[in-house]
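Participant: prediction below, plus the sequence it came from.
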Amino acid sequence: MTADKPAAPEGLGPKLASFERKRRVAIVAAIVLVVALVGVGVTWWAATRQKPMGQSQTVPAGALEDGGILVGRDLIPGGEAPGSDQVVTVHIVTDFLCPYCALFEQAHGQALAELAQGGAIRLVIQPINWLGGFNGEYSWRALSAVETVAALEPEHFWAFYKALWENQPAESDETSDLTDEAIAALAEQAGVSQATVESFAEEPAKVWSQWSSDLGRARISGTPSVFLSYGSGTPVRWDGWAYEVVDESGGTGLVAGNLEAALAKVKAGEDPNSE
């Protein structure tokens, strides 16, 4: 590993090998999805035209037209946040079961939270159901739960969001090892009321979640996808959030990308992935 590389967050490198199988599964899923999207002619624009109207739905505070949730400076959805022409918008399309999404959270989650609190970025989070079918449909159950909290008790959103990452289950195709009851317990530990927890499985909680998830899926080829934009500029996917390095013994590790540099490049009108 060269000396000028940024240091990897503690424990990030050793986890790479254990996630390799999951990465291959995600790649296969992405290929299948792309083929399906081409076959039916679905585009991100078309998805926006299908926004649910006239249905009983639980819409998160801070909900945006692109399906994301804008988190304010207090880390509460819908809270006060700087304008898109003032700071860079960081839009994260993620899946609560995706192991690489957990690595992104480990590598950059704390820094992004601090930047959002300081008003240095606009933080947008969009959980989606990318790994549907694994672990008892955990991806879908988790995103529906967290978006319900964002709608009914947004003040507890961030604590619950963090708890889901800290307790991420394995990407198993067996019966879920993080049941609805376990998700409910995490929510209650984060301060969410029992009444809100009981609404996780109700139909109004699913309508907006399904739409936002479909919209997110239509614009990506894998999770996590991190889009950076400034002002009226087109959002650019930041692929350099992490990269592999080879040490002197030939082993590989995952090193966190330079978030600060990527944000500066976007604000200057440059590609965040450029050298």
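Facilitator: Nice, thanks for sending it over.

Participant: what stretches of the stretch 1-150 of the chain score poorly on pLDDT?
Facilitator: Counting by pLDDT under 70, the stretch 1-150 of the chain shows low-confidence ranges at 1-56.

Participant: quick one, strands of it?
Facilitator: 69-71, 88-94, 121-127 (DSSP state E, counting those that start in this stretch).

Participant: right, and G72 touches G78 too?
Facilitator: Yes - contact criterion CB atoms under 8 Å: G72 and G78 qualify, at 6.4 Å. Glycine gets a C-beta too; all of them are placed from N, C-alpha and C.

Participant: what's the overlap in contacts for the two?
Facilitator: Here G72 and G78 share the contacting residues G62, scored by CB atoms under 8 Å, 6 or more residues apart in numbering.

Participant: in CSV: the strands of the stretch 1-150 of the chain, plus mean neighbour count.
Facilitator: As requested, the strands of the stretch 1-150 of the chain are exported to CSV (neighbours: other CB atoms under 10 Å):
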stretch, mean neighbour count
strand 69-71, 25
strand 88-94, 25
strand 121-127, 25
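
Participant: format those as a markdown table; extra columns: distance to F134.
Facilitator: Below are these laid out as a markdown table (distance: least, CB to CB, whole Å):
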| stretch | distance to F134 |
| --- | --- |
| strand 69-71 | 23 |
| strand 88-94 | 15 |
| strand 121-127 | 15 |
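
Participant: quick one: which of these is nearest Q168?
Facilitator: strand 88-94 (11.2 Å; CB to CB).

Participant: tilt between that closest one and strand 121-127?
Facilitator: 20 degrees (axes from the mean of the first three to the mean of the last three CA atoms, to 10 degrees).

Participant: count the residues that sit near the closest residue to E244 other than its chain neighbours.
Facilitator: Among residues not flanking E244 along the chain, T252 sits closest, at 5.3 Å (CB to CB, 6 or more residues apart in numbering). Neighbourhood size, T252 [other CB atoms under 10 Å]: 12.

Participant: show me the beta-bridge partners of T252.
Facilitator: Counting by DSSP bridges, T252 forms beta bridges with V246.

Participant: circling back to that earlier point, compare the strands of the stretch 1-150 of the chain and give me the one nearest S193.
Facilitator: With CB to CB as the measure, strand 69-71 is the member of these nearest S193 (19.7 Å).

Participant: what lies in contact with that closest one?
Facilitator: 60-64, 77-79, 81, 116, 122-126, 147, 150, 157-158.

Participant: just to revisit the earlier point, tell me the pLDDT at the residue nearest to E244?
Facilitator: In this model, T252 is scored at 79, pLDDT.

Participant: that one and A242 touch, don't they?
Facilitator: No - the pair T252 and A242 fails to qualify as a contact (CB under 8 Å) at a distance of 12.0 Å.

Participant: between the strands of the stretch 1-150 of the chain, which gets nearest to G136?
Facilitator: For G136, the closest of the strands of the stretch 1-150 of the chain is strand 121-127, at 16.7 Å, according to CB to CB.

Participant: partner strands of the closest one and their direction?
Facilitator: strand 69-71 (antiparallel), strand 88-94 (parallel).

Participant: I would like the residues contacting that strand, please.
Facilitator: Under the contact criterion CB under 8 Å, 6+ apart, strand 121-127 has outside partners 64, 66-71, 81-84, 87-96, 112-113, 115-116, 142-143, 146-147, 161, 212-213, 216, 263.

Participant: inside helices: which ones of those residues?
Facilitator: Counting by DSSP state H, the contacts of strand 121-127 place 112-113, 115-116, 142-143, 146-147, 161, 212-213, 216, 263 in helices.
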